[in-house]
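Novice: Have a look; sequence and predicted model below, questions after that.
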Amino acid sequence: MDKFKHRWFWEAVFAVLLLSASGATFITASAEGNLVATLSVGSRDNTVGDVIPLTLHVIHPAGWRVIFPTLDKKWGDFEVRGQSTPEIVANLDGTQTTSQEIKVALMRPGEVQTPVLTLSVTDDQGSLSSLEVAPAAISVRSVLVEGDNTLREIKPQAELVTERRPYWPLATTGTLGAVFLTGYGVHRWRHRKLADRRTPRQRALDTLKVLGAQNPETPSDMKAYCARLADCLRDYLAAIAHIPARDLTTREITRLFMSQDFPPNWSIQVVEVLRVCDEVKFANEELELPAIQALTSTVRQLVEQYPPQPQPVSRRSGLKEQVEVTS
C-alpha cells in the first residue's frame, strides 16, 4: 500500500511538470503565431565603409511591447554605428508595428549575413516571450575597379562643422562682441580717474579757495569747516615733509617738528591751527565767522611760506640778459 502511494505521488509530480512545460510551449508558440519580425536592408548598392541602414519591423497585437537589445559595437562581421529609438505605429487591422533603424558598416567586400537577433516581447498580461529575427543578406563591393590600382579613401573626408553651418551667427556674435567691448571701453574712458598734475601747494590753495567761499553758521557747519581745514593742512604736510600727517595726532606732529629741521615760527603756527581745529571738532568750541576767516587766512600764509618759492636769478651772457629760475 505504501509503495502504491509513493508511486502515485511521483506520477502526480511528473504530470504537473509536463503541464507546466506544455503551458510554456503554448505561450511561446502563441506568441510566435501573433508576431511577425522582418529585417530589411535600406541600401542595395553598398561599398566598403558605407553606412548601411537596416530597418527592423515587428508586427504584434495592440498593447504588446517589443524590447530591442542594445547591440555591441562589434556585431558579427559588422560595425554598429547607431540604433534609433523604437517607434510604434497602429495598423488598419488592429495590430501594431514597432520599428527600429540600425546603422551598420562592413569593412571588407563580400556577401555577409547579419547575426541572428533575438527580441523580447511582453503581452498585455505581462508575460514575457522571445522572438528570433531571421538574418538578412547584405552584399558589399570593393571601391576598387578591376585593373584599377589607384588608391582611394575608404570613407569620404569629414566636412568641417564650420562648412556646414551658416556664417551669419558667427558674424552677428562678433559684431555684438565688438559693440559691447567698444561701449565698455568708452564707459571706462569717461569714468577714468584723471591724474592730478597740480603741485601740493596748488592743491592746498585751491582747497582753501573753496573753503573761503563758504559761510558756516551752525555749530555742525563749523565742525565740518574746521575738519576740512585741518585735513587740507595735514595733506600739505604729508606732501612736502613725507610724513603720515593724516594718521598722527596734533601732539605727535608737534614732537615730529621738534625732531626735524622745520622753521620754528612756521611749525608753531601749524600746531596752533591744528589745536584750534581739534577744539572745535572734539571740544565743541564755537568760533565766530571772523575768527574762522582769520584761521583760513593763516593756513594760506603757512602754505605760501614753506617751502619758500624758487627765486629768479638773472645772468648776463654777452649783450643779452637771461633769467633763470632755480629749482
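Specialist: Right, received. Where do you want to start?

Novice: When you work out contacts or count neighbours from here on, use the C-alpha atoms and nothing else.
Specialist: Will do.

Novice: residues making contact with stretch 224-232?
Specialist: Residues external to stretch 224-232 that are found in contact with it (C-alpha atoms under 8 Å, 6 or more residues apart in numbering): Ala204, Thr207, Leu208, Leu211, Pro216, Arg246, Val273, Leu274, Cys277, Val280, Lys281, Thr296.

Novice: Grab the nearest non-local neighbour of Thr118.
Specialist: Leaving out its chain neighbours, the residue that sits closest to Thr118 by C-alpha to C-alpha, 6 or more residues apart in numbering is Glu132, at 4.4 Å.

Novice: Give me the neighbour count for that neighbour.
Specialist: As a burial measure, Glu132 scores 14 neighbours (other C-alpha atoms under 10 Å).

Novice: Likewise for Ala213?
Specialist: Residue crowding around Ala213 was assessed by other C-alpha under 10 Å; the count is 8.

Novice: Against Arg192, how distant is it?
Specialist: Ala213 sits 29 Å away from Arg192, going by C-alpha to C-alpha, to the nearest Å.

Novice: Please list all residues in contact with the residue nearest to Thr118.
Specialist: Listed by C-alpha under 8 Å, 6+ apart, the contact set of Glu132 reads Ala37, Val116, Leu117, Thr118, Leu119.

Novice: just checking, Asp50 touches Pro109?
Specialist: No - shown here, Asp50 and Pro109 do not form a contact pair, counting by C-alpha atoms under 8 Å, at 11.0 Å.

Novice: Compare the two and say which one has the larger neighbour count.
Specialist: Applying other C-alpha under 10 Å to Asp50 and Pro109 shows that Asp50 carries more neighbours, namely 18 against 15.

Novice: Sketch out the low-pLDDT regions of this protein for me.
Specialist: Within the chain, the ranges that satisfy pLDDT under 70 run 1-33, 144-165, 310-327.

Novice: any idea whether the closest residue to Ile59 other than its chain neighbours is helix, strand or coil?
Specialist: If you skip the residues right next to it in sequence, Ile59 has Thr97 as its closest partner in space, 4.4 Å away by C-alpha to C-alpha, 6+ apart. Under the three-state scheme (DSSP: H, G, I helix; E, B strand; the rest coil), the conformation of Thr97 reads as strand.

Novice: Bridged to Thr97, which residues?
Specialist: The residues paired with Thr97 through beta bridges, assigned by DSSP bridges, are Ile59, Val89.

Novice: Verify the contact between it and Val58 for me.
Specialist: Yes - under the contact definition of C-alpha under 8 Å, Thr97 touches Val58, with a separation of 5.5 Å.

Novice: nearest residue to Arg246 other than its sequence neighbours?
Specialist: Arg234 (5.8 Å).

Novice: With Gly82 instead?
Specialist: Lys103 is the one closest to Gly82 (C-alpha to C-alpha, 6+ apart), at 5.2 Å.
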